[in-house]
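Visitor: Turn this into a structure:
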Amino acid sequence: MNNWKFLLVDDSNVSIKILEDILINNGYTDITSVNSAQEAIDFLLSKNYAGINRPIDIIITDLFMPGINGIEFCRKIHRIEEYRDIPIVMITSSNDIDNLKEAFDSGIIDYIRKPFNPIELVTRIKAILRFKEEVSRRQLRELEIEDINRNLIEDLSIANHLQFQMLPKNIISKPISIKGYYVPVTFLGGDLYYWHRVGGGKYGVALIDVMGHGTATSMICMYIRSLLPELISKSTDSVELVKSLNKYMRDFNNQLTQVQYHFTMIYIIVDVLNKTIDYVNAGHPPVYLLEKSKEIKLLDKGCIPIGIMDDIEIENEIIRYTETSCIFMYSDGLKDLVRDNNITFEYILSLIDINNINSSFTLPIEKFLDRIKQMSRPDDISVVTLELR
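Guide: The predicted structure follows:
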(Lines give C-alpha, C1' and ligand atoms only; values in the text may rest on other atoms or scores of the structure.)
Protein backbone atom coordinates (compact mmCIF):
# COMPACT_ATOMS: atom_id res chain seq x y z
CA MET A 1 0.00 0.00 0.00
CA ASN A 2 1.19 3.49 -0.80
CA ASN A 3 2.31 5.17 2.45
CA TRP A 4 -0.06 8.11 2.09
CA LYS A 5 0.54 11.15 4.31
CA PHE A 6 -2.50 12.38 6.28
CA LEU A 7 -3.08 15.66 8.09
CA LEU A 8 -5.92 15.57 10.66
CA VAL A 9 -7.34 18.90 11.88
CA ASP A 10 -9.83 18.83 14.78
CA ASP A 11 -10.12 20.64 18.12
CA SER A 12 -11.45 17.41 19.68
CA ASN A 13 -8.74 14.96 20.76
CA VAL A 14 -11.41 12.25 20.95
CA SER A 15 -12.33 12.72 17.28
CA ILE A 16 -8.66 12.72 16.30
CA LYS A 17 -8.05 9.49 18.27
CA ILE A 18 -11.00 7.78 16.57
CA LEU A 19 -9.79 8.88 13.13
CA GLU A 20 -6.21 7.77 13.86
CA ASP A 21 -7.35 4.33 15.02
CA ILE A 22 -9.52 3.80 11.93
CA LEU A 23 -6.71 4.86 9.58
CA ILE A 24 -4.00 2.85 11.35
CA ASN A 25 -6.20 -0.27 11.40
CA ASN A 26 -6.49 0.06 7.63
CA GLY A 27 -2.79 0.41 7.00
CA TYR A 28 -2.44 4.21 6.97
CA THR A 29 0.28 5.03 9.48
CA ASP A 30 1.85 8.30 8.28
CA ILE A 31 -0.45 10.69 10.19
CA THR A 32 0.08 14.21 11.53
CA SER A 33 -2.61 15.61 13.86
CA VAL A 34 -3.22 19.20 15.01
CA ASN A 35 -5.99 20.84 17.09
CA SER A 36 -6.68 23.99 15.05
CA ALA A 37 -6.73 25.31 11.53
CA GLN A 38 -4.01 27.83 12.37
CA GLU A 39 -1.72 25.04 13.59
CA ALA A 40 -2.37 23.20 10.33
CA ILE A 41 -1.53 26.29 8.26
CA ASP A 42 1.64 26.92 10.31
CA PHE A 43 2.64 23.29 9.84
CA LEU A 44 2.08 23.34 6.08
CA LEU A 45 4.08 26.55 5.71
CA SER A 46 6.81 25.71 8.21
CA LYS A 47 10.48 25.34 7.27
CA ASN A 48 10.43 21.82 8.65
CA TYR A 49 7.61 20.89 6.33
CA ALA A 50 9.44 22.42 3.36
CA GLY A 51 12.16 19.82 3.85
CA ILE A 52 9.81 16.84 3.71
CA ASN A 53 10.40 14.75 0.58
CA ARG A 54 6.73 14.19 -0.14
CA PRO A 55 3.98 16.63 0.92
CA ILE A 56 0.72 15.84 2.67
CA ASP A 57 -1.52 13.77 0.40
CA ILE A 58 -4.89 14.39 2.03
CA ILE A 59 -6.36 16.64 4.75
CA ILE A 60 -9.29 15.65 6.99
CA THR A 61 -10.67 18.63 8.89
CA ASP A 62 -13.55 19.36 11.25
CA LEU A 63 -16.08 21.98 10.16
CA PHE A 64 -16.62 23.79 13.48
CA MET A 65 -13.44 24.82 15.33
CA PRO A 66 -12.46 27.84 17.44
CA GLY A 67 -10.79 30.64 15.46
CA ILE A 68 -10.62 29.62 11.80
CA ASN A 69 -13.39 27.16 10.96
CA GLY A 70 -13.03 24.33 8.47
CA ILE A 71 -14.54 26.23 5.54
CA GLU A 72 -12.25 29.24 5.91
CA PHE A 73 -9.30 26.88 6.46
CA CYS A 74 -10.11 25.17 3.17
CA ARG A 75 -10.25 28.50 1.36
CA LYS A 76 -6.89 29.59 2.80
CA ILE A 77 -5.18 26.33 1.87
CA HIS A 78 -6.43 26.40 -1.73
CA ARG A 79 -5.10 29.93 -2.17
CA ILE A 80 -1.58 28.56 -1.68
CA GLU A 81 -0.14 27.42 -5.02
CA GLU A 82 1.54 24.30 -3.61
CA TYR A 83 -1.72 23.07 -2.06
CA ARG A 84 -4.21 24.25 -4.69
CA ASP A 85 -5.10 20.66 -5.65
CA ILE A 86 -4.75 18.88 -2.32
CA PRO A 87 -7.92 16.88 -1.47
CA ILE A 88 -9.72 18.03 1.70
CA VAL A 89 -12.41 15.98 3.46
CA MET A 90 -14.76 17.84 5.81
CA ILE A 91 -16.17 16.06 8.89
CA THR A 92 -19.04 17.38 11.05
CA SER A 93 -22.13 16.41 13.01
CA SER A 94 -24.12 19.24 11.37
CA ASN A 95 -27.04 18.42 9.05
CA ASP A 96 -27.37 22.01 7.81
CA ILE A 97 -27.62 21.92 3.98
CA ASP A 98 -26.25 25.47 3.77
CA ASN A 99 -23.10 24.37 5.60
CA LEU A 100 -22.75 21.49 3.18
CA LYS A 101 -23.09 23.77 0.14
CA GLU A 102 -20.64 26.34 1.53
CA ALA A 103 -18.15 23.60 2.32
CA PHE A 104 -18.21 22.28 -1.26
CA ASP A 105 -18.00 25.84 -2.61
CA SER A 106 -14.83 26.29 -0.57
CA GLY A 107 -13.21 23.39 -2.40
CA ILE A 108 -13.65 20.24 -0.32
CA ILE A 109 -13.73 16.94 -2.18
CA ASP A 110 -16.02 15.06 0.25
CA TYR A 111 -18.17 15.56 3.36
CA ILE A 112 -18.50 12.93 6.12
CA ARG A 113 -20.88 13.16 9.08
CA LYS A 114 -20.09 12.17 12.66
CA PRO A 115 -20.28 9.68 14.24
CA PHE A 116 -18.01 7.88 11.78
CA ASN A 117 -18.90 4.64 10.11
CA PRO A 118 -15.40 3.11 9.76
CA ILE A 119 -16.26 1.17 6.58
CA GLU A 120 -17.83 4.20 4.92
CA LEU A 121 -14.96 6.46 6.00
CA VAL A 122 -12.22 4.15 4.70
CA THR A 123 -14.10 3.42 1.46
CA ARG A 124 -14.44 7.11 0.69
CA ILE A 125 -10.81 7.83 1.56
CA LYS A 126 -9.61 4.97 -0.65
CA ALA A 127 -11.67 6.33 -3.53
CA ILE A 128 -10.22 9.82 -3.03
CA LEU A 129 -6.66 8.50 -2.91
CA ARG A 130 -7.18 6.36 -6.02
CA PHE A 131 -8.45 9.44 -7.82
CA LYS A 132 -5.50 11.48 -6.57
CA GLU A 133 -3.11 8.77 -7.72
CA GLU A 134 -4.68 8.72 -11.18
CA VAL A 135 -4.52 12.52 -11.42
CA SER A 136 -0.87 12.49 -10.34
CA ARG A 137 -0.11 9.77 -12.88
CA ARG A 138 -1.75 11.79 -15.65
CA GLN A 139 0.03 14.96 -14.60
CA LEU A 140 3.35 13.11 -14.66
CA ARG A 141 2.51 11.71 -18.09
CA GLU A 142 1.60 15.20 -19.32
CA LEU A 143 4.96 16.49 -18.08
CA GLU A 144 6.70 13.62 -19.87
CA ILE A 145 4.76 14.40 -23.05
CA GLU A 146 5.64 18.10 -22.73
CA ASP A 147 9.29 17.13 -22.38
CA ILE A 148 9.07 14.81 -25.40
CA ASN A 149 7.34 17.52 -27.43
CA ARG A 150 9.94 20.08 -26.40
CA ASN A 151 12.76 17.78 -27.50
CA LEU A 152 10.89 16.94 -30.69
CA ILE A 153 10.43 20.61 -31.53
CA GLU A 154 14.15 21.21 -30.95
CA ASP A 155 15.01 18.27 -33.22
CA LEU A 156 12.57 19.43 -35.89
CA SER A 157 13.99 22.95 -35.72
CA ILE A 158 17.46 21.57 -36.39
CA ALA A 159 16.13 19.39 -39.22
CA ASN A 160 14.31 22.41 -40.65
CA HIS A 161 17.56 24.38 -40.58
CA LEU A 162 19.43 21.54 -42.30
CA GLN A 163 16.75 21.23 -44.96
CA PHE A 164 17.06 24.91 -45.80
CA GLN A 165 20.86 24.62 -45.77
CA MET A 166 20.64 21.92 -48.45
CA LEU A 167 18.82 24.23 -50.84
CA PRO A 168 21.14 25.80 -53.42
CA LYS A 169 22.17 29.45 -53.36
CA ASN A 170 20.68 31.76 -55.95
CA ILE A 171 22.66 32.22 -59.15
CA ILE A 172 22.81 35.80 -60.41
CA SER A 173 24.68 36.29 -63.68
CA LYS A 174 24.32 38.07 -67.00
CA PRO A 175 23.08 35.13 -69.11
CA ILE A 176 20.95 33.48 -66.39
CA SER A 177 19.62 34.14 -62.90
CA ILE A 178 18.09 31.28 -60.89
CA LYS A 179 16.20 31.99 -57.66
CA GLY A 180 14.31 29.70 -55.31
CA TYR A 181 11.62 30.32 -52.67
CA TYR A 182 10.55 27.67 -50.15
CA VAL A 183 7.71 27.89 -47.58
CA PRO A 184 7.01 24.56 -45.79
CA VAL A 185 3.59 24.12 -44.19
CA THR A 186 5.18 22.61 -41.06
CA PHE A 187 8.75 22.30 -39.76
CA LEU A 188 9.65 19.89 -42.54
CA GLY A 189 8.33 19.76 -46.05
CA GLY A 190 8.19 17.52 -49.08
CA ASP A 191 9.36 20.05 -51.68
CA LEU A 192 12.86 20.31 -53.06
CA TYR A 193 14.58 22.38 -55.68
CA TYR A 194 18.14 22.07 -56.93
CA TRP A 195 20.31 23.41 -59.72
CA HIS A 196 23.78 22.63 -60.95
CA ARG A 197 26.02 24.02 -63.65
CA VAL A 198 27.01 21.12 -65.87
CA GLY A 199 29.51 22.90 -68.12
CA GLY A 200 29.43 24.17 -71.67
CA GLY A 201 26.99 26.90 -70.73
CA LYS A 202 24.40 24.40 -69.46
CA TYR A 203 22.48 24.50 -66.19
CA GLY A 204 20.32 21.66 -64.84
CA VAL A 205 17.36 22.86 -62.73
CA ALA A 206 14.94 20.55 -60.87
CA LEU A 207 11.82 21.25 -58.83
CA ILE A 208 10.43 18.22 -56.96
CA ASP A 209 7.27 17.69 -54.92
CA VAL A 210 7.15 14.42 -52.93
CA MET A 211 3.71 12.97 -52.16
CA GLY A 212 2.45 14.35 -48.84
CA HIS A 213 4.39 16.49 -46.39
CA GLY A 214 6.08 16.03 -43.03
CA THR A 215 9.00 14.04 -41.68
CA ALA A 216 8.89 11.05 -44.05
CA THR A 217 8.63 13.14 -47.20
CA SER A 218 11.37 15.49 -46.00
CA MET A 219 13.69 12.50 -45.52
CA ILE A 220 12.89 11.33 -49.05
CA CYS A 221 13.71 14.84 -50.27
CA MET A 222 17.08 14.65 -48.56
CA TYR A 223 17.69 11.24 -50.14
CA ILE A 224 16.87 12.62 -53.60
CA ARG A 225 19.00 15.69 -52.89
CA SER A 226 21.98 13.44 -52.22
CA LEU A 227 21.55 11.84 -55.66
CA LEU A 228 21.05 14.94 -57.78
CA PRO A 229 24.60 16.41 -58.04
CA GLU A 230 26.07 13.25 -59.57
CA LEU A 231 23.00 12.39 -61.67
CA ILE A 232 22.74 15.88 -63.15
CA SER A 233 26.48 15.91 -63.91
CA LYS A 234 26.34 12.54 -65.68
CA SER A 235 23.02 12.88 -67.53
CA THR A 236 23.32 13.89 -71.18
CA ASP A 237 19.72 15.08 -71.41
CA SER A 238 16.54 15.49 -69.37
CA VAL A 239 15.18 12.04 -70.25
CA GLU A 240 18.24 10.26 -68.88
CA LEU A 241 17.97 12.05 -65.53
CA VAL A 242 14.29 11.19 -65.14
CA LYS A 243 14.98 7.51 -65.98
CA SER A 244 17.75 7.37 -63.35
CA LEU A 245 15.58 8.96 -60.63
CA ASN A 246 12.70 6.64 -61.43
CA LYS A 247 14.97 3.61 -61.00
CA TYR A 248 16.26 4.87 -57.65
CA MET A 249 12.71 5.59 -56.46
CA ARG A 250 11.42 2.19 -57.53
CA ASP A 251 14.31 0.49 -55.71
CA PHE A 252 13.47 2.58 -52.64
CA ASN A 253 9.78 1.61 -52.78
CA ASN A 254 10.65 -2.08 -53.19
CA GLN A 255 12.24 -1.96 -49.74
CA LEU A 256 9.00 -0.71 -48.16
CA THR A 257 6.23 -3.04 -47.03
CA GLN A 258 3.26 -0.69 -47.00
CA VAL A 259 3.31 2.93 -48.18
CA GLN A 260 4.70 3.58 -51.64
CA TYR A 261 6.08 7.03 -52.40
CA HIS A 262 6.29 8.98 -55.62
CA PHE A 263 7.04 12.53 -56.61
CA THR A 264 6.33 14.96 -59.39
CA MET A 265 9.18 16.86 -60.98
CA ILE A 266 10.00 19.41 -63.60
CA TYR A 267 13.57 19.12 -64.84
CA ILE A 268 15.04 21.68 -67.20
CA ILE A 269 18.43 21.91 -68.89
CA VAL A 270 19.07 25.46 -70.03
CA ASP A 271 21.83 25.96 -72.60
CA VAL A 272 22.66 29.68 -72.40
CA LEU A 273 25.10 29.48 -75.36
CA ASN A 274 22.66 27.93 -77.83
CA LYS A 275 19.59 29.41 -76.07
CA THR A 276 17.72 26.11 -75.80
CA ILE A 277 15.56 24.54 -73.09
CA ASP A 278 15.46 20.75 -72.79
CA TYR A 279 12.81 19.69 -70.25
CA VAL A 280 10.68 16.84 -68.91
CA ASN A 281 7.56 17.47 -66.86
CA ALA A 282 6.92 14.35 -64.72
CA GLY A 283 3.33 14.90 -63.56
CA HIS A 284 4.17 18.37 -62.25
CA PRO A 285 1.95 21.45 -62.62
CA PRO A 286 2.58 23.22 -65.95
CA VAL A 287 5.60 25.51 -66.05
CA TYR A 288 5.31 28.95 -67.66
CA LEU A 289 7.81 30.30 -70.19
CA LEU A 290 7.39 34.03 -70.74
CA GLU A 291 9.17 35.62 -73.66
CA LYS A 292 9.36 39.28 -74.58
CA SER A 293 6.48 40.33 -76.83
CA LYS A 294 5.32 36.73 -77.23
CA GLU A 295 2.57 34.59 -75.83
CA ILE A 296 3.07 32.49 -72.70
CA LYS A 297 4.16 28.91 -73.40
CA LEU A 298 3.37 26.00 -71.09
CA LEU A 299 6.10 23.44 -70.46
CA ASP A 300 3.91 20.39 -69.87
CA LYS A 301 5.40 17.58 -71.98
CA GLY A 302 6.82 14.62 -70.11
CA CYS A 303 5.57 11.56 -68.25
CA ILE A 304 3.74 10.28 -65.18
CA PRO A 305 5.12 11.02 -61.68
CA ILE A 306 8.36 9.33 -60.70
CA GLY A 307 8.31 6.14 -58.62
CA ILE A 308 4.89 4.79 -59.62
CA MET A 309 6.01 2.05 -62.02
CA ASP A 310 9.25 0.53 -63.29
CA ASP A 311 9.02 1.33 -66.99
CA ILE A 312 7.66 4.73 -67.93
CA GLU A 313 7.42 6.41 -71.30
CA ILE A 314 9.25 9.71 -71.13
CA GLU A 315 8.79 12.51 -73.66
CA ASN A 316 11.03 15.52 -73.52
CA GLU A 317 10.79 18.74 -75.48
CA ILE A 318 13.58 21.00 -76.70
CA ILE A 319 12.67 24.59 -77.46
CA ARG A 320 14.54 27.76 -78.23
CA TYR A 321 14.12 30.97 -76.28
CA THR A 322 14.79 34.60 -77.04
CA GLU A 323 17.35 36.74 -75.28
CA THR A 324 14.80 38.08 -72.82
CA SER A 325 12.75 35.28 -71.22
CA CYS A 326 11.60 34.04 -67.84
CA ILE A 327 10.63 30.56 -66.63
CA PHE A 328 8.22 30.37 -63.68
CA MET A 329 8.13 26.99 -61.87
CA TYR A 330 6.05 26.16 -58.79
CA SER A 331 4.79 23.26 -56.68
CA ASP A 332 1.20 22.14 -56.11
CA GLY A 333 1.02 24.11 -52.86
CA LEU A 334 0.99 27.42 -54.74
CA LYS A 335 -1.78 26.17 -57.02
CA ASP A 336 -3.90 25.29 -53.97
CA LEU A 337 -3.18 28.65 -52.33
CA VAL A 338 -4.14 30.53 -55.50
CA ARG A 339 -7.41 28.62 -55.73
CA ASP A 340 -8.35 29.08 -52.06
CA ASN A 341 -7.62 32.83 -52.06
CA ASN A 342 -9.22 33.70 -55.41
CA ILE A 343 -5.89 34.66 -56.96
CA THR A 344 -5.26 33.93 -60.63
CA PHE A 345 -2.03 32.82 -62.24
CA GLU A 346 -2.63 35.55 -64.79
CA TYR A 347 -2.21 38.04 -61.95
CA ILE A 348 0.96 36.34 -60.70
CA LEU A 349 2.50 36.24 -64.17
CA SER A 350 1.58 39.88 -64.72
CA LEU A 351 4.00 40.73 -61.91
CA ILE A 352 6.91 39.55 -64.05
CA ASP A 353 8.20 42.61 -65.89
CA ILE A 354 9.73 40.87 -68.87
CA ASN A 355 10.41 44.17 -70.66
CA ASN A 356 12.64 45.54 -67.90
CA ILE A 357 15.96 44.02 -68.96
CA ASN A 358 18.03 46.37 -66.79
CA SER A 359 16.88 44.82 -63.51
CA SER A 360 15.40 41.63 -62.08
CA PHE A 361 12.26 40.61 -63.94
CA THR A 362 10.92 38.87 -60.85
CA LEU A 363 11.32 41.40 -58.05
CA PRO A 364 7.53 41.92 -57.71
CA ILE A 365 7.14 38.13 -57.61
CA GLU A 366 9.52 38.01 -54.65
CA LYS A 367 7.40 40.56 -52.79
CA PHE A 368 4.26 38.57 -53.57
CA LEU A 369 5.86 35.37 -52.24
CA ASP A 370 6.76 37.16 -49.02
CA ARG A 371 3.06 37.95 -48.61
CA ILE A 372 1.96 34.33 -48.93
CA LYS A 373 3.94 33.41 -45.81
CA GLN A 374 1.19 35.15 -43.84
CA MET A 375 -1.59 33.17 -45.55
CA SER A 376 -3.04 29.85 -44.39
CA ARG A 377 -1.42 27.11 -46.47
CA PRO A 378 -2.62 23.50 -46.93
CA ASP A 379 0.66 22.33 -48.46
CA ASP A 380 4.32 23.20 -48.90
CA ILE A 381 5.04 25.90 -51.46
CA SER A 382 8.13 26.11 -53.66
CA VAL A 383 8.79 28.50 -56.51
CA VAL A 384 11.79 28.72 -58.84
CA THR A 385 12.31 31.50 -61.36
CA LEU A 386 14.84 31.53 -64.18
CA GLU A 387 15.64 34.85 -65.80
CA LEU A 388 17.22 34.28 -69.22
CA ARG A 389 18.97 37.17 -70.96
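Visitor: Can you name every helix or strand that whichever strand or helix holds Arg138 contacts?
Guide: Element membership of Arg138 [criterion: DSSP states H and E] is helix 118-165. Taking 3 or more C-beta pairs under 8 Å, 6 or more residues apart in numbering; DSSP states H and E as contact, the helices and strands that helix 118-165 lies on are helix 13-25, strand 58-62, strand 88-92, strand 110-113, helix 215-234. Placement of C-beta: from N, CA and C, glycine included.
Visitor: now the angle from that helix to helix 13-25?
Guide: 60 degrees (axes from the mean of the first three to the mean of the last three C-alpha atoms, to 10 degrees).
Visitor: Strand partners (parallel or antiparallel) of the following helix or strand past helix 118-165?
Guide: Following helix 118-165 in sequence order, the next helix or strand is strand 171-172 (DSSP H and E). Partners of strand 171-172 in the sheet, by DSSP bridges, are strand 176-183 (antiparallel).
Visitor: Tell me what angle the helix or strand that comes right after the partner strand forms with strand 176-183.
Guide: Per DSSP H and E, strand 176-183 leads on to strand 191-199 as the next helix or strand towards the C-terminus. Angle between the axes of strand 191-199 and strand 176-183 is 160 degrees (criterion: the same axes, to 10 degrees).
Visitor: so where do the strands sit in the stretch 251-389 of the chain?
Guide: Ranges of strands in the stretch 251-389 of the chain, per DSSP state E, counting those that start in this stretch, are 263-271, 276-282, 287-291, 297-299, 302-303, 317-320, 325-330, 381-388.
Visitor: These: which one's closest to Ala40?
Guide: Set against Ala40 and scored by C-beta to C-beta, the strands of the stretch 251-389 of the chain come closest in strand 381-388, at 61.8 Å.
Visitor: how much does the closest one deviate in direction from strand 287-291?
Guide: Going by the same axes, to 10 degrees, strand 381-388 makes 30 degrees with strand 287-291.
Visitor: which secondary structure elements does strand 381-388 contact?
Guide: strand 176-183, strand 191-199, strand 202-210, strand 263-271, strand 325-330, helix 332-340, helix 363-372.
Visitor: will you turn the ones you listed into TSV that also has mean neighbour count?
Guide: Output for those, formatted as TSV (neighbours: other C-beta atoms under 10 Å):
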stretch	mean neighbour count
strand 176-183	20
strand 191-199	21
strand 202-210	24
strand 263-271	24
strand 325-330	25
helix 332-340	17
helix 363-372	15
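Visitor: Next, format those as CSV and append mean pLDDT.
Guide: Shown next, in CSV, are the helices and strands packed on strand 381-388 (pLDDT from 0 to 100):
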stretch, mean pLDDT
strand 176-183, 89
strand 191-199, 89
strand 202-210, 93
strand 263-271, 95
strand 325-330, 91
helix 332-340, 80
helix 363-372, 80
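Visitor: and of the ones you listed, who's closest to Asp98?
Guide: Comparing the helices and strands packed on strand 381-388 by C-beta to C-beta, helix 332-340 comes nearest, at 58.6 Å.
Visitor: Give me the contacts around the closest one.
Guide: 183, 185, 191, 209, 264, 285, 343-345, 348, 372, 375-383 (C-beta atoms under 8 Å, 6 or more residues apart in numbering).
Visitor: Skipping its backbone neighbours, what lies nearest Tyr330 in space?
Guide: Val383 (4.8 Å; C-beta to C-beta, 6 or more residues apart in numbering).
Visitor: coming back round to it: from the contacts of helix 332-340, which would you call buried?
Guide: The neighbour-count criterion (16 or more other C-beta atoms under 10 Å) marks 183, 185, 191, 209, 264, 285, 345, 348, 372, 377, 379-383 among the contacts of helix 332-340 as buried.
Visitor: Now for Asp62: which residues touch it?
Guide: Per C-beta under 8 Å, 6+ apart, neighbours of Asp62: 9-12, 15, 70, 90-92.
Visitor: From those, pick the one nearest Asp310.
Guide: Met90 (75.8 Å).
Visitor: export the helices and strands packed on helix 118-165 to JSON lines and tack on mean pLDDT?
Guide: Rendered in JSON lines, the data for the helices and strands packed on helix 118-165 read as follows (pLDDT from 0 to 100):
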{"stretch": "helix 13-25", "mean pLDDT": "92"}
{"stretch": "strand 58-62", "mean pLDDT": "93"}
{"stretch": "strand 88-92", "mean pLDDT": "90"}
{"stretch": "strand 110-113", "mean pLDDT": "86"}
{"stretch": "helix 215-234", "mean pLDDT": "87"}
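Visitor: ranking the ones you listed by burial, who's on top?
Guide: strand 58-62 (a mean of 24; mean count of other C-beta atoms under 10 Å).
Visitor: and that strand, which strands flank it?
Guide: Strand 58-62 is paired, per DSSP bridges, with strand 5-9 (parallel), strand 88-92 (parallel).
Visitor: picking up where we left off before, let's test this: mean pLDDT of the helix holding Arg138, rounded?
Guide: Mean pLDDT, helix 118-165: 81.
Visitor: how far does it sit from the chain's center?
Guide: Centroid displacement of helix 118-165 relative to its chain, using C-alpha atoms, centre = their mean, to the nearest Å, is 18 Å.
Visitor: between that helix and helix 215-234, how many degrees?
Guide: 10 degrees.
Visitor: when you give positions from now on, start the count at 39
Guide: In the new count, where the first residue is 39, that last one comes out as helix 156-203.
Visitor: that older thread, which of the strands of the stretch 289-427 of the chain sits closest to Ile150?
Guide: That would be, of the strands of the stretch 289-427 of the chain and by C-beta to C-beta, strand 419-426, which comes in at 63.4 Å.
Visitor: contact partners of stretch 115-132?
Guide: 48, 53, 57, 78-79, 82-83, 93-102, 108-109, 112, 137, 141, 144-154, 162-163, 166, 169-170, 173.
Visitor: and if we set it to 6 Å?
Guide: 96-98, 100-101, 108, 112, 141, 145-150, 152, 166, 170 (C-beta atoms under 6 Å, 6 or more residues apart in numbering).
Visitor: now stretch 258-272
Guide: With C-beta under 6 Å, 6+ apart, stretch 258-272 has contacts from 204, 230, 232, 234, 236, 242, 248, 279, 282, 286, 299.
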